[in-house]
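Asks: build me a model:
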Amino acid sequence: MKRVVRLFAFFVVTMTLGVSGAFAYLCWLQASSFVNVPDRPHQMTPSDFGIETYQDVVVTTEDDVTIRGWYIPPTRDDGATFIFLHGHGGNILDLMPEAQLYVEMGYGAILFDFRGRGLSDDAPVTMGINEVQDTVAILDFLLAQAEVNPERIALYGNSMGASTAILVASEYPQIRLVIADAPYTSIRDLLVEQIPARTGLPPLFLPDVILAMSNFQSGANYYASSPIDAIPNLTQPILYIHGTVDGLIPFHHSERLHEATNSPSTLYIVEGGGHTNNYEIDGDMYQQVVFPFLEQYFTN
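Replies: Down below sits the predicted model:
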């Protein structure tokens, strides 16, 4: 009988350790998918998109990371200029369609690879936390350009870039306006929603375990990636854009952010739009919504 009890106890301990190990490994992989993103190297330049007047930009962040991008000077008399911020798995090329549109209208544009992406220095991707430093380094460069109007600088971001734009604008009032395409309210909120699809398990305490592992892998505090907490500090006009069939970040994230915004705010929901493809899906309506917003809050 004692032998049976010992065998049963051994079995229970082994199973517990095995399940615990599998659980820890699963959480580690989920954390790594945030922090260590497969790169998408590129060799294109604005010339490949018909833009010949530009310069390469190299800046260094406060934490000594080199960020590389392209600067296209404004040709408008008012010197209005956009900073474009790409998403988590993206790079500098992702917002070229939108940048082309605005460059053709005379706006200046600066596009760049966040840390850990494209031609910028290798570093952990931190879901908008350290990416704020990347954006601020680019902003400092832009403020030093004589042709740029320091009172007419806008942030245009997709996904992680949209959320980063909110975080930056909440701290830097010199930003005039924000366009946020598919932002998330917070990384924790997103994990709570995504875990069932990613793992087949209920959220329970999994989000906090994954965030703790993300913090360990990146050296950053992923809980700080929370635009919904930054919104009360936002004073700039903001336009939220989100597709109804976004399978990565559901559009109710933009709805919640819009409801929490105290500054002038417009919510543009794109029927049938996916994740950050809203300009391509609904170009005519995009212009009918975005251009009047810019005219009201950016160029007047």
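
Asks: what's the nearest residue to the most centrally placed residue in the chain if we skip its chain neighbours?
Replies: The centroid of the chain falls nearest to Met160 when counting by CA atoms, centre = their mean (1.4 Å). Distance criterion CB to CB, 6 or more residues apart in numbering; nearest residue to Met160, sequence neighbours excluded, is His88 at 4.1 Å. The C-beta positions use only the backbone N, C-alpha and C, and glycine is treated the same way.

Asks: what about the one you found, distance to Ser265?
Replies: From His88 across to Ser265, the span is 24 Å (CB to CB, to the nearest Å).

Asks: in the stretch 51-200 of the chain, which spans are helices?
Replies: Along the stretch 51-200 of the chain, counting by DSSP state H, counting those that start in this stretch, helices occupy 96-104, 131-143, 160-171, 187-199.

Asks: can you lay out those as a markdown table showing mean pLDDT and distance to Tyr25?
Replies: Compiled in a markdown table, the helices of the stretch 51-200 of the chain are given as follows (pLDDT from 0 to 100; distance: least, CB to CB, whole Å):
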| stretch | mean pLDDT | distance to Tyr25 |
| --- | --- | --- |
| helix 96-104 | 94 | 38 |
| helix 131-143 | 98 | 28 |
| helix 160-171 | 98 | 25 |
| helix 187-199 | 85 | 12 |
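
Asks: most tightly packed of these?
Replies: helix 160-171 (a mean of 27; mean count of other CB atoms under 10 Å).

Asks: now it and helix 131-143, what's the angle there?
Replies: For helix 160-171 against helix 131-143, the angle by axes from the mean of the first three to the mean of the last three CA atoms, to 10 degrees is 70 degrees.

Asks: what segments of the protein are strands?
Replies: Secondary structure of the chain, counting by DSSP state E: strands at 55-60, 66-72, 81-85, 108-112, 153-158, 177-181, 238-243, 265-270.

Asks: am I right that Gly273 is in contact with Ser254?
Replies: No: using CB atoms under 8 Å, Gly273 is not in contact with Ser254; the gap is 11.1 Å.

Asks: mutual contacts of those two, please.
Replies: The contact sets of Gly273 and Ser254 overlap at His242 (CB atoms under 8 Å, 6 or more residues apart in numbering).

Asks: arrange the strands of the chain in a markdown table, one row each, with distance to Leu201 and mean neighbour count as further columns.
Replies: Shown next, in a markdown table, are the strands of the chain (distance: least, CB to CB, whole Å; neighbours: other CB atoms under 10 Å):
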| stretch | distance to Leu201 | mean neighbour count |
| --- | --- | --- |
| strand 55-60 | 42 | 14 |
| strand 66-72 | 37 | 21 |
| strand 81-85 | 32 | 27 |
| strand 108-112 | 37 | 26 |
| strand 153-158 | 29 | 27 |
| strand 177-181 | 30 | 27 |
| strand 238-243 | 27 | 26 |
| strand 265-270 | 31 | 19 |
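
Asks: can I get those in a markdown table including mean pLDDT and distance to Pro232?
Replies: Formatted as a markdown table, those follow (pLDDT from 0 to 100; distance: least, CB to CB, whole Å):
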| stretch | mean pLDDT | distance to Pro232 |
| --- | --- | --- |
| strand 55-60 | 97 | 30 |
| strand 66-72 | 98 | 29 |
| strand 81-85 | 98 | 21 |
| strand 108-112 | 98 | 28 |
| strand 153-158 | 98 | 18 |
| strand 177-181 | 98 | 15 |
| strand 238-243 | 97 | 13 |
| strand 265-270 | 96 | 13 |
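
Asks: quick one: which of those strands is nearest Ser120?
Replies: Set against Ser120 and scored by CB to CB, the strands of the chain come closest in strand 66-72, at 4.8 Å.

Asks: paired strands for that closest one, with orientation please.
Replies: strand 55-60 (antiparallel), strand 108-112 (antiparallel) (DSSP bridges).

Asks: outside of the shortest one, which residues touch it?
Replies: Taking CB under 8 Å, 6+ apart as the criterion, the residues outside strand 108-112 that touch it are 57, 67-76, 79-84, 86, 92, 95-96, 99, 102-103, 120, 134, 138, 141-142, 145, 147-148.

Asks: measure how buried the residue nearest to Phe84 when sequence neighbours are not counted is and give me the count.
Replies: Spatially, and ignoring its direct neighbours in sequence, Phe84 is nearest to Leu95 (4.2 Å; CB to CB, 6+ apart). As a burial measure, Leu95 scores 25 neighbours (other CB atoms under 10 Å).
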